[in-house]
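**Student:** turn this into a model:
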Amino acid sequence: MTRRHATIESDLGPLLVVADGNAIAGLYFPQHWHPPIEGTIGASATVDRDPIFSRLDVELDEYLGGRRTTFDVAAVTSGDPFQEQVWRMLRGIPYGTTTTYGALAERLGDRRLARRIGGAVGRNPVSILIPCHRVVGASGSLTGYAGGLERKLRLLELEGAPVVPQRLF
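**Tutor:** Predicted coordinates for the structure are as follows:
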C-alpha cells in the first residue's frame, strides 16, 4: 500500500488522517498548527474501504466514547532524532495522567530543553495516538495544543486527568 489520506468524522470534528502502508502517519485537526506539507498526503481513500482507516475510525470512536484507553492501530513517525526521542516519551504517558515539559526535559537530563521539547510536542504528527495532549505547563496550565486548547481540555477531561481551572478564550 502507498501513502493515502481520508477524513474521519469524530466528536472532535473532522480529522484528516494520513496512512503510510499499514500505519497511521498523520492525524490532523481542522486548523492544525502544523498541517502536512502539501503533496505529502497521497491519494484520497475511503474510510470504510481501507482497513487501517476503518480500524482507526472504530478505535477513535471507542476512545472518545470512554470505552478505550490505548490504541492498537500502528502509528509511524518520521521526525529528526530529538523529535523521535520526545515522541517515544509521549507514548509512555499513561491514560488519565499528565506531565510537564520541564519533567520531560529532566528525563533527558537538562531542564533547559523544555522549550525545545515543546516544539517537538507541537509537531507530533499523530495527535491523540501519541498523546501530546497529556503534556501541560509547569503550573498545570493547558499551554498550547496543535488542535486547539478546547480539544486538549476535552481529551484530558475524557481521560479523567487532573486539569487546573483556566480560561480558554
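**Student:** tell me what the longest helix anywhere in the chain is packed against?
**Tutor:** The helix that spans the most residues within the chain, counting by DSSP state H, is helix 51-64. When contacts are defined as 3 or more CB pairs under 8 Å, 6 or more residues apart in numbering; DSSP states H and E, helix 51-64 sits against strand 4-10, strand 13-20, strand 23-28. No exception for glycine: its C-beta is placed from N, CA and C like everyone else's.
**Student:** pick the most deeply packed of these.
**Tutor:** The highest mean neighbour count among the helices and strands packed on helix 51-64, using mean count of other CB atoms under 10 Å, belongs to strand 23-28: a mean of 23.
**Student:** note down every partner strand of the helix or strand following that one and its orientation.
**Tutor:** Going down the chain from strand 23-28, the next helix or strand is strand 43-44, by DSSP states H and E. Strands adjacent to strand 43-44 in the sheet, as given by DSSP bridges, are strand 4-10 (parallel).
**Student:** please save the CA atoms from the partner strand in PDB.
**Tutor:** The C-alpha trace of strand 4-10 is given here as PDB (Å, rounded to 0.1, in the frame of the first residue of the first chain):
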ATOM      1  CA  ARG A   4      -3.000   7.900   1.200                       C
ATOM      2  CA  HIS A   5      -5.400  10.000   3.200                       C
ATOM      3  CA  ALA A   6      -9.000  10.200   4.300                       C
ATOM      4  CA  THR A   7     -11.300  12.200   6.600                       C
ATOM      5  CA  ILE A   8     -12.700  10.600   9.700                       C
ATOM      6  CA  GLU A   9     -15.700  12.300  11.300                       C
ATOM      7  CA  SER A  10     -15.400  12.400  15.000                       C
END
